[in-house]
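Student: take a look and give me a structure for this.
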Amino acid sequence: NMPSSGITSRQQLLKLSEQRVKTDKEFNYIIEDNKRYKEINDRNEVSLNIEKRLEENKKEKHRRKNRNTDRKKLFEEIEKKEKGKFKVTRLTLDNVNKNEIDSSDNFKRPEDQSMKRAKNKEEELEEETPDFPHFLSPTKREALNIAKDLIRVSKIKTADSGS
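Tutor: Numbers count the residues shown, from 1 in each chain. Next up is the predicted model:
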């Protein structure tokens, strides 16, 4: 899977990461958002026309709603595919000193009464962004993949050197 002739480990890791990032829908959202925010920032203007502003807000809400609908489907597929791959452990002040902490493969965020936020009416109407599968953002997920690749590359180099 990974050629060892003339290519450094760093180059191998970079190539594998770039391939994953190109095909990852969440990373594409991040790239798309960054481009859009940069264009808005570069324009350096805000319309004072209320109709134009309302239309911009409407488009943004529609885009966010569509994306969240897509995310829910995507995240369900990922959770099914990776069932049992990760264990989620909830570390709290109540269990931090225990020898054994319960893990779960139930990936739903537990309700924390102390962290409830007040929502205004507009927020209540908006559809919330779903949690990432296993609570791993795309960047955390890619960091784990890079670590896995690094271990694999290290094993190949060790085997090649006869150590």
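
Student: quick one, strands of this structure?
Tutor: All strands of the chain, identified by DSSP state E, fall at 88-89, 103-104.

Student: now the last one: average pLDDT?
Tutor: Put plainly, it is strand 103-104. Here strand 103-104 scores 67 as its mean pLDDT.

Student: again, but for the first one
Tutor: Mean pLDDT, strand 88-89: 75.

Student: so which elements touch it?
Tutor: The contact analysis (3 or more Cβ pairs under 8 Å, 6 or more residues apart in numbering; DSSP states H and E) places strand 88-89 against strand 103-104. Glycine gets a C-beta too; all of them are placed from N, C-alpha and C.

Student: one step back: among the strands of the chain, which is nearest S9?
Tutor: Closest to S9 of these, according to Cβ to Cβ: strand 88-89, at 31.0 Å.

Student: ok, the closest one: who's next to it in the sheet?
Tutor: Using DSSP bridges, strand 88-89 pairs in its sheet with strand 103-104 (antiparallel).

Student: then stretch 42-61 to CSV, C-alphas only?
Tutor: Extracted in CSV, the C-alpha atoms of stretch 42-61 (Å, rounded to 0.1, in the frame of the first residue of the first chain):
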residue,chain,number,x,y,z
ASP,A,42,-12.1,40.2,1.2
ARG,A,43,-15.2,42.1,0.0
ASN,A,44,-15.0,44.0,3.2
GLU,A,45,-18.6,45.3,2.9
VAL,A,46,-22.0,44.7,4.4
SER,A,47,-25.2,45.7,2.8
LEU,A,48,-27.4,48.1,4.6
ASN,A,49,-30.3,47.1,2.4
ILE,A,50,-32.5,45.1,4.8
GLU,A,51,-34.1,43.0,2.0
LYS,A,52,-30.7,42.0,0.7
ARG,A,53,-29.5,41.1,4.3
LEU,A,54,-32.6,39.1,4.9
GLU,A,55,-32.1,37.2,1.6
GLU,A,56,-28.5,36.5,2.5
ASN,A,57,-29.6,35.2,5.9
LYS,A,58,-32.3,33.1,4.3
LYS,A,59,-29.7,31.5,1.9
GLU,A,60,-27.3,30.8,4.8
LYS,A,61,-30.0,29.1,6.9
